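Visitor: here you go, sequence then predicted model.
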Amino acid sequence: MGEVTDVLVVGGGGAGMAAASEAARVGRKVILLEKDAALGGSTAWSVGSISATCTPHQLRHGIIDSPDEHFEDLEKLAGAYASRDNRELRRILVDHTNEMFEWLRSAGLVFVGPNQEPPHRYPRMHNVLPNSQAFPARLGRYCRKLGVDIRLRTKATSLIRDGERVVGAKTRGPNDRAGEIIVRGGVVLASGDYSASAVLKQKFAGEEVARLDPVNAAATGDGFPLALEVGASVINGDIVRGPIMRFIPPTKRNLLQLLPPHPWITNLMRLAFDLLPPSLLRPFMMSFLTTALGPSGDLFKRGAILVNKVGKRFADELNKPAASVPLQPDKLAFIVFDQRLAQEFSAWPNFVSTAPGVAYAYIEDYRRNRHDIYHRADTIEGLAGSLGVPAATLNATIDASNQTRGGTNSAAPLQPPFYALGPVKSYVVFTDGGLKVTSQLEVVNKSGAVIPGLYAAGSTGQGGLLLEGHGHHLGWAFISGRIAGRNAAYQASGMTATAAS
């Protein structure tokens, strides 16, 4: 028999840290496994937004909000998929955002906001300072303070059952060391989504999605095969956020991304956001915005074209071009345009990129902050040299495009000087498929019966819940993680599971 604990948490992202800390808070012995060398998961890759109601930040701005209104607005965000949403889990989400937000603040996290994001009727989006690395830094410290046994570079390889009940997991740690952990309470799967697993993406969403690169290469959804082996099922596995074009990330992290989440830094930043005029804050925000987002479709509507690494145009830019990018050499493309478009996209309302409620980025912002993806030349040959594509092919591509332009119903021909932004790639930002769970975050099998001893949280335990809009994936990670961790802990003492705090 292996070592024994009360609760085992698989995954060290936001949901896993929330689950582990909550189980430890109620007095249980907890082991947390994280396959990578550091805590954080996709939470550490995020923009760092939390959408919440009835927060002190809202009240300071005179905003009177409610979970009921948040619930209704999530219906609008779900759009055409609204009929597929898990309304029971949506209710849990909106009813716990305020409690979750205060819990994060009590752990030392600092937020600014709220910011508006339509179709939310009120500003609800709060952004963490100084960046999303604050979550693993603060919550990891909180877990350790509560006595959580955090084991990095260690993963669960299979679940152990006694009859129908999950009673532990087999593990593999550093130096390929095998182990076995038995639980008195429950196992919580919090290993994130499967946006980086070609096998799972193909299984649930098809071949086209399987070809797409993930934003987080470590998001391989390791908890899903473990659960499927014991009879679990996935809901909404075909709903993915992608393909979405984004500029490739810079090779070096900027100052904002490097700032540590020390209290004096985060509080100083919070004061700056509260007191400084937008004109002074904007250059600071641009250094982050231009590293994280992708191009507006309006660029293509106004006449920009997409070319691949060999200088050829390969898609109708107005008809889902992101689906064609992964089929190109090295899955890369460039956005080519001219001086006319560069001038148009230098001021509102023509922006290159946006983060709702944070800032808008224009051509000049990319020139200043992303030298690696900004290209300008007086000639097609010069632009081709900057992009590293064959000049003759690019010249023929632009000439062929210009032959179709002009008149009142099409864009003007591209004229020197020429510009380009890129490379861009098409990514899967996240997958919305999650294990089917109860309101207590217990995993259920295909017939709807609870699998005793097994819980899931975050993207792994999304259970059919739709999380469109900024700040809901993180919110669900923390809320569901706390519920799952608490209920797994209660199992160690025979208490009744609950969705409430």
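Guide: Noted; the coordinates are in hand. Residues are numbered from 1 along each chain as shown.
Visitor: between the two ends of stretch 455-472, how far is it?
Guide: The first and last residues of stretch 455-472 sit 20 Å apart, counting by Cα to Cα, to the nearest Å.
Visitor: quick one: the strands in the stretch 51-200 of the chain?
Guide: Taking DSSP state E, counting those that start in this stretch, the strands of the stretch 51-200 of the chain run over residues 110-115, 125-129, 149-152, 155-162, 165-172, 178-189.
Visitor: counting by contacts, list what the third one packs against.
Guide: Read it as strand 149-152. strand 30-34, helix 134-145 (3 or more Cβ pairs under 8 Å, 6 or more residues apart in numbering; DSSP states H and E). The way it works is simple: take the backbone N, C-alpha and C, and place the C-beta from them, glycine included.
Visitor: can we see that at 6 Å?
Guide: Counting contacts by 3 or more Cβ pairs under 6 Å, 6 or more residues apart in numbering; DSSP states H and E, the secondary-structure elements packed against strand 149-152 are strand 30-34.
Visitor: I'd say Ala205 and Val240 touch.
Guide: Yes: applying Cβ atoms under 6 Å, one finds Ala205 in contact with Val240, separated by 5.2 Å.
Visitor: number of nearby residues for Gln415?
Guide: Counted with other Cβ atoms under 10 Å, residues neighbouring Gln415 total 11.
Visitor: residues in contact with Phe337?
Guide: By Cβ atoms under 6 Å, 6 or more residues apart in numbering, the contact set of Phe337 is 304, 419.
Visitor: part of a strand, is it?
Guide: Yes: assessed with DSSP: H, G, I helix; E, B strand; the rest coil, Phe337 lies in a strand.
Visitor: okay, strands next: where are they in the stretch 401-501 of the chain?
Guide: Taking DSSP E, counting those that start in this stretch as the test, the strands found in the stretch 401-501 of the chain are 418-428, 430-431, 434-435, 442-444, 450-456.
Visitor: tell me the mean pLDDT for the helix or strand harbouring Phe224?
Guide: Element membership for Phe224 (DSSP states H and E) is helix 223-229. Helix 223-229 carries an average pLDDT of 98.
Visitor: what does stretch 382-399 give?
Guide: The model assigns stretch 382-399 a mean pLDDT of 97.
Visitor: list the buried residues in that stretch.
Guide: The neighbour-count check on stretch 382-399 (16 or more other Cβ atoms under 10 Å) flags 382-384, 386-387, 389, 391, 393-395, 397-398 as buried.
Visitor: turn those residues into a markdown table, including secondary structure and distance to Gln343.
Guide: Formatted as a markdown table, the buried residues of stretch 382-399 follow (DSSP: H, G, I helix; E, B strand; the rest coil; distance: Cβ to Cβ, whole Å):
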| residue | secondary structure | distance to Gln343 |
| --- | --- | --- |
| Gly382 | helix | 19 |
| Leu383 | helix | 17 |
| Ala384 | helix | 22 |
| Ser386 | helix | 20 |
| Leu387 | helix | 21 |
| Val389 | coil | 24 |
| Ala391 | helix | 25 |
| Thr393 | helix | 27 |
| Leu394 | helix | 22 |
| Asn395 | helix | 23 |
| Thr397 | helix | 23 |
| Ile398 | helix | 19 |
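Visitor: show me the residue at the heart of this structure, geometrically.
Guide: Centrality entry for the chain: nearest residue to the mean C-alpha point is Ser46, 4.9 Å, by Cα atoms, centre = their mean.
Visitor: helices of the stretch 401-501 of the chain, start to end?
Guide: Assigned by DSSP state H, counting those that start in this stretch, the helices in the stretch 401-501 of the chain fall at 472-491.
Visitor: how close does Gly461 get to Thr438?
Guide: Between Gly461 and Thr438 the computed distance is 10 Å (Cβ to Cβ, to the nearest Å).
Visitor: any low-confidence regions in the stretch 201-350 of the chain?
Guide: Flagging of the stretch 201-350 of the chain using pLDDT under 70 yields the residue ranges 253-258, 278-292.
Visitor: so Leu200 touches Gly221, yeah?
Guide: Yes: look at Leu200 against Gly221 with Cβ under 6 Å: they come within range, at 5.2 Å.
Visitor: mutual contacts of the two, please.
Guide: Common contacts of Leu200 and Gly221 (Cβ under 6 Å, 6+ apart): Tyr194.
Visitor: what's the neighbour count on Lys436?
Guide: Using other Cβ under 10 Å, Lys436 is surrounded by 22 other residues.
Visitor: and it, what is it in contact with?
Guide: With Cβ under 6 Å, 6+ apart, Lys436 has these contacts: 233, 235, 444, 463.
Visitor: show me which of the residues you listed is closest to Val110.
Guide: Nearest to Val110 among these: Gly463, at 30.8 Å, using Cβ to Cβ.
Visitor: how much space separates that closest one from Ser233?
Guide: 10 Å.
Visitor: what's around Gly406, how many residues?
Guide: For Gly406, the count of nearby residues is 11 (other Cβ under 10 Å).
Visitor: not counting sequence-adjacent ones, nearest residue to it?
Guide: Spatial nearest neighbour of Gly406, excluding adjacent residues (Cβ to Cβ, 6 or more residues apart in numbering): Pro413 at 6.2 Å.
Visitor: pretty sure the one you found is touching Arg405, no?
Guide: Yes: using Cβ under 6 Å, Pro413 is in contact with Arg405, at 4.7 Å.
Visitor: looking at the two, which is more packed in?
Guide: Counted by other Cβ under 10 Å, Pro413 and Arg405 do not tie: Pro413 has more neighbours, with 16 against 12.
Visitor: for the stretch 401-501 of the chain, which residues score under the pLDDT cut-off?
Guide: 407-409, 494-501.
Visitor: ok, 50 please
Guide: When residues are selected by pLDDT under 50, those of the stretch 401-501 of the chain lie in 500-501.
Visitor: doesn't His375 belong to a helix?
Guide: No: counting by three-state DSSP, one finds His375 to be strand, located in no helix.
Visitor: how close does it sit to Ser386?
Guide: Using Cβ to Cβ, His375 is found at 4 Å from Ser386.
Visitor: for Ala137, give me its contacts.
Guide: Contact partners of Ala137, counting by Cβ under 6 Å, 6+ apart, are Pro261.
Visitor: tell me how the protein divides into domains.
Guide: The chain resolves into domains spanning 3-242+430-491, 248-428 when parsed by automatic domain parsing.
Visitor: so which of these is the most packed in?
Guide: Most buried of these, by mean neighbour count (mean count of other Cβ atoms under 10 Å): domain 3-242+430-491, with a mean of 22.
Visitor: end-to-end on that domain?
Guide: Terminal residues of domain 3-242+430-491 lie 18 Å apart, using Cα to Cα.
Visitor: can you redo the strands of the stretch 51-200 of the chain as CSV with distance to Gln328 and mean pLDDT?
Guide: Converted to CSV, those look like this (distance: least, Cβ to Cβ, whole Å; pLDDT from 0 to 100):
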stretch, distance to Gln328, mean pLDDT
strand 110-115, 35, 90
strand 125-129, 34, 90
strand 149-152, 37, 98
strand 155-162, 34, 98
strand 165-172, 37, 97
strand 178-189, 36, 97
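Visitor: and of those, who's closest to Gly40?
Guide: strand 149-152 (10.9 Å).
Visitor: what lines up beside that closest one in the sheet?
Guide: Strand 149-152 has the following strand partners under DSSP bridges: strand 30-34 (parallel).
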